[in-house]
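K.L.:
based on what follows, work out the 3D shape:
(one chain, ligands or ions: 2)
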Amino acid sequence: MGGGGTAAVGAALAKVVMRARRGEWRRHLSTVGEPEFQKMAVGAGLKTSLRSKVKVSAGRFDATGNGTRIIDGKKKHGRRNSVKKKSKWYGSDEAESDSEPYQRNRKDESVESSLEIDGTKSTNRYKGRKSGETSADKLRLKGKKIDGTVSTNRHKGYAEDEVLGKDGKSKEKSNQIAEKKQIRLQTRVLNKTGKKTRINRKASGDGSAESGAPPQKRKRVIKIDPYDISNKRLDDTIPNNGRYFQSSIENVVEKKTEMSKNAQFRAIQPSPSILSFVEDNLLGRRRLNELQNAGYNIKLSAPLDNILFSTSKERERIEESVFRNKLEFFAAAKISSSFPPPMIPEIAFSGRSNVGKSSLLNALTRQWGVVRTSDKPGLTQTINFFKLASKLCLVDLPGYGFAYAKDEVKEAWEELVKEYVSTRVGLQRVCLLIDTKWGMKPRDHELIDLMEKSQTPYQIVLTKTDIVFPIDVARRAMQIQEDLKKNKSVVNPVMMVSSKSGAGIRSLRTVLANLARFIKP
Ligand SMILES: Nc1nc2c(ncn2[C@@H]2O[C@H](COP(=O)(O)OP(=O)(O)OP(=O)(O)O)[C@@H](O)[C@H]2O)c(=O)[nH]1
Ligand SMILES: [Mg+2]
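P.N.:
Ligands and ions are numbered 1, 2, ... in the order given. Below you'll find the predicted structure:
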């Protein structure tokens with residue numbers, strides 16, 4: 001082998017050693033024979049320790065130099081099967097299965113590789129071995145029967161720590177092993193009360209037993225954040241002095257009152273007349289396929305207000321009514337001085353912002369789009385006057401309560417509405433619209449009080465009935481009727497409508513048209 005060849009071999013060997021350290025040595029060396037290794041090692045001027053390692057590594061294989069091993073005069077291919085018969089540790093089935101956890105342990109504690117030379121088991125450990133703990137100890141603790149000599153090979157050179165005889169010469173030792181085994185297996189003892197408790201090995205100082213014991217499961221520690229009010233379960237140990245704790249109690253109390261309000265509402269028993277009105281007018285949340293099967297054209301706006309299946313008498317009434325006329329916008333007022341002169345009777349629509357006032361005007365006249373609507377509260381900001389021929393004037397009022405507008409502007413609307421409903425001449429009725437889902441709010445009561453004082457006739461109209469159950473529509477109507485039963489200017493009954501489905505619109509139209517009939521031109 002020339003100089004260049006020697007350098008190449010040296011580099012190759014260095015690679016081999018590196019791989020050996022990574023545990024890949026077996027695979028690599030399977031293609032190289034022992035004598036060749038010796039030569040290569042000497043030629044490369046390898047250190048004695050590394051040479052010995054190479055020797056050991058190569059010694060595992062019967063040198064054929066071509067990657068095929070010859071054992072008991074037979075050619076063997078592959079790695080493990082070839083040493084199966086010789087090996088008690090690496091090659092045996094039992095050891096094979098046990099080598100897995102061993103390999104795993106290696107990651108934690110040290111880098112280790114097991115070698116075997118002519119039936120001799122040796123363990124290389126490069127670092128991290130506990131003092132006094134040998135591979136033999138380890139094997140014994142694993143409870144394996146070891147035939148043959150087991151020696152320990154430290155990083156540099158060999159150091160035989162312990163030898164066990166094949167024929168069980170060291171009986172004392174084996175007794176000790178048995179004792180250790182017993183101690184290790186006994187993980188629980190009975191306490192005074194007769195209950196089983198786990199032995200605390202750390203406390204007892206039995207280091208050897210501890211090292212052999214399986215890794216104990218970590219106890220799950222649940223930390224409770226005393227300031228986390230989202231936690232529904234309140235721990236008793238949380239001190240009752242934090243403001244968050246106090247606020248969470250307040251929340252609970254608030255919820256209780258809220259629940260009791262709901263419970264009160266659920267306890268309402270609607271009168272039979274209200275219930276039949278709800279059913280006759282198909283009020284409340286309905287399934288569209290139900291309506292379709294009943295013959296309604298659900299593609300139309302307010303399908304329940306189409307008159308295909310109404311009797312000729314009903315149709316006549318609707319067709320003859322004032323609502324057949326074209327709806328025309330004719331005035332808008334921001335201040336009372338801008339109100340048009342009261343020429344024809346007026347019906348005003350008031351209520352909180354977004355309750356559905358403008359939508360109801362469209363639904364009543366079936367003239368969609370004449371009055372502007374929006375899902376954003378506060379669209380109508382002036383008092384808008386619409387006329388139906390010269391028979392009736394419909395007035396769309398700005399809403400009160402929450403709206404996307406400045407406070408002072410909203411206050412101005414409210415004042416204007418109050419002035420209109422309490423002073424307007426020719427005002428025949430105020431339809432006070434209430435959202436069926438939410439019921440009456442304090443501002444609604446304020447306006448009612450004002451109309452009571454000014455003796456302005458008003459009628460409650462429940463809107464958006466299509467989003468609650470029929471029974472809840474009836475309950476809301478009953479609740480409001482009961483609330484206002486002592487009021488004098490209120491006009492009964494409570495009307496219930498849905499501008500979307502058209503439910504109850506015909507009934508409201510009839511009520512209002514009857515009102516218009518008595519108006520003198
Ligand atoms: N589901 C359902 N939605 C409705 C009904 N009536 C109106 N709406 C919706 O409610 C929203 C408000 O309707 P508007 O008619 O603009 O309400 P408004 O009372 O005039 O509101 P302001 O002009 O802001 O005071 C719109 O998105 C409508 O589509 C109804 O009967 N059922
Ligand atoms: Mg409006």
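
K.L.:
the stretch 301-450 of the chain: helices as residue ranges?
P.N.:
Per DSSP state H, counting those that start in this stretch, the stretch 301-450 of the chain has helices spanning 312-320, 357-365, 407-423, 442-454. These are given in chain order.

K.L.:
domain map for this protein?
P.N.:
Dividing the chain into domains by automatic domain parsing, as the record does, gives the ranges 1-83, 86-216, 222-267, 276-517.

K.L.:
now the first one: mean pLDDT?
P.N.:
Just to be clear, that refers to domain 1-83. Mean per-residue pLDDT for domain 1-83: 49.

K.L.:
before we move on, what about the last one?
P.N.:
Per-residue confidence for domain 276-517 averages out to 87 on the pLDDT scale.

K.L.:
do it and ligand 2 meet at all?
P.N.:
Yes - counting by Cβ under 5 Å from the ion, contacts between domain 276-517 and ligand 2 involve 357-358, 380. (Glycine included, C-beta is placed from N, CA and C.)

K.L.:
which parts of the stretch 351-500 of the chain are strands?
P.N.:
For the stretch 351-500 of the chain, the strands defined by DSSP state E, counting those that start in this stretch occupy 383-388, 392-396, 427-435, 458-463, 490-496.

K.L.:
now distance to ligand 1 and mean neighbour count too, for these, in CSV please.
P.N.:
Shown next, in CSV, are the strands of the stretch 351-500 of the chain (distance: least, Cβ to the nearest ligand atom, whole Å; neighbours: other Cβ atoms under 10 Å):
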stretch, distance to ligand 1, mean neighbour count
strand 383-388, 10, 22
strand 392-396, 7, 24
strand 427-435, 7, 23
strand 458-463, 5, 24
strand 490-496, 10, 19
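
K.L.:
so which of those strands gets nearest residue 412?
P.N.:
Evaluated over these, closeness to residue 412 peaks at strand 383-388, with 11.7 Å, by Cβ to Cβ.

K.L.:
elements contacting that closest one?
P.N.:
Secondary structure elements in contact with strand 383-388, counted by 3 or more Cβ pairs under 8 Å, 6 or more residues apart in numbering; DSSP states H and E, are strand 327-333, strand 392-396, helix 407-423.

K.L.:
check for me that residue 274 belongs to a strand.
P.N.:
No - counting by DSSP: H, G, I helix; E, B strand; the rest coil, residue 274 is not part of a strand but helix.

K.L.:
just give me the neighbour total for it.
P.N.:
By other Cβ atoms under 10 Å, the residues close to residue 274 number 20.

K.L.:
now it: how far from residue 439?
P.N.:
Distance of residue 274 to residue 439, computed by Cβ to Cβ, to the nearest Å: 15 Å.

K.L.:
the residue of the stretch 301-450 of the chain found nearest ligand 1 and residue 296: what is the separation?
P.N.:
Here the residue of the stretch 301-450 of the chain nearest ligand 1 is residue 399; by Cβ to the nearest ligand atom that distance is 2.8 Å. The gap separating residue 399 from residue 296 is 30 Å, by Cβ to Cβ.

K.L.:
more neighbours: the two, which one.
P.N.:
Here residue 399 and residue 296 are compared on neighbour count by other Cβ under 10 Å; more neighbours surround residue 399, at 29 against 22.

K.L.:
can you report how many residues lie near the residue lying closest to residue 435 once chain neighbours are set aside?
P.N.:
Computed as Cβ to Cβ, 6 or more residues apart in numbering, the closest residue to residue 435 that is not its neighbour in sequence is residue 355, at 5.2 Å. When neighbours are counted by other Cβ under 10 Å, residue 355 registers 26.

K.L.:
just confirm residue 355 contacts residue 462, I think it does.
P.N.:
No - with the criterion set as Cβ atoms under 8 Å, residue 355 and residue 462 do not qualify as a contacting pair; they are 9.8 Å apart.

K.L.:
any common contacting residues for the two?
P.N.:
In the contact map built from Cβ atoms under 8 Å, 6 or more residues apart in numbering, the residues linked to both residue 355 and residue 462 are 433-435.

K.L.:
tell me how many other residues surround the nearest residue to residue 335 once chain neighbours are set aside.
P.N.:
Computed as Cβ to Cβ, 6+ apart, the closest residue to residue 335 that is not its neighbour in sequence is residue 416, at 6.9 Å. Using other Cβ under 10 Å, the number of residues around residue 416 comes to 21.

K.L.:
same question, the one 4 residues further on
P.N.:
Residue 420 sits with 22 neighbouring residues when counted by other Cβ under 10 Å.

K.L.:
distance of the nearest residue to it once chain neighbours are set aside relative to ligand 2?
P.N.:
Distances taken as Cβ to Cβ, 6+ apart put residue 383 closest to residue 420, at 6.0 Å, once the chain neighbours are dropped. As for residue 383, its distance to ligand 2 is 11 Å (criterion: Cβ to the ion, to the nearest Å).

K.L.:
burial of the residue of the stretch 151-300 of the chain found nearest ligand 1, as a residue count?
P.N.:
Nearest residue of the stretch 151-300 of the chain to ligand 1: residue 285, at 9.8 Å (Cβ to the nearest ligand atom). Residue neighbour count, defined by other Cβ under 10 Å, stands at 14 for residue 285.

K.L.:
before we move on, back to that, who's the residue nearest to residue 420 bridged to?
P.N.:
Going by DSSP bridges, residue 383 is paired in beta bridges with residue 333.

K.L.:
can you tell me which residues in the stretch 251-400 of the chain are near ligand 1?
P.N.:
Near ligand 1, the residues belonging to the stretch 251-400 of the chain are 353-359, 373-375, 377-380, 398-399 when assessed by Cβ under 6 Å from any ligand atom.

K.L.:
hmm, I typed the wrong one, I wanted the stretch 51-200 of the chain.
P.N.:
Proximity of the stretch 51-200 of the chain to ligand 1 (Cβ under 6 Å from any ligand atom) involves no residue at all.

K.L.:
spatially nearest residue to residue 425 (excluding sequence neighbours)?
P.N.:
Leaving aside its chain neighbours, residue 425 sits nearest to residue 342 (4.7 Å; criterion: Cβ to Cβ, 6+ apart).
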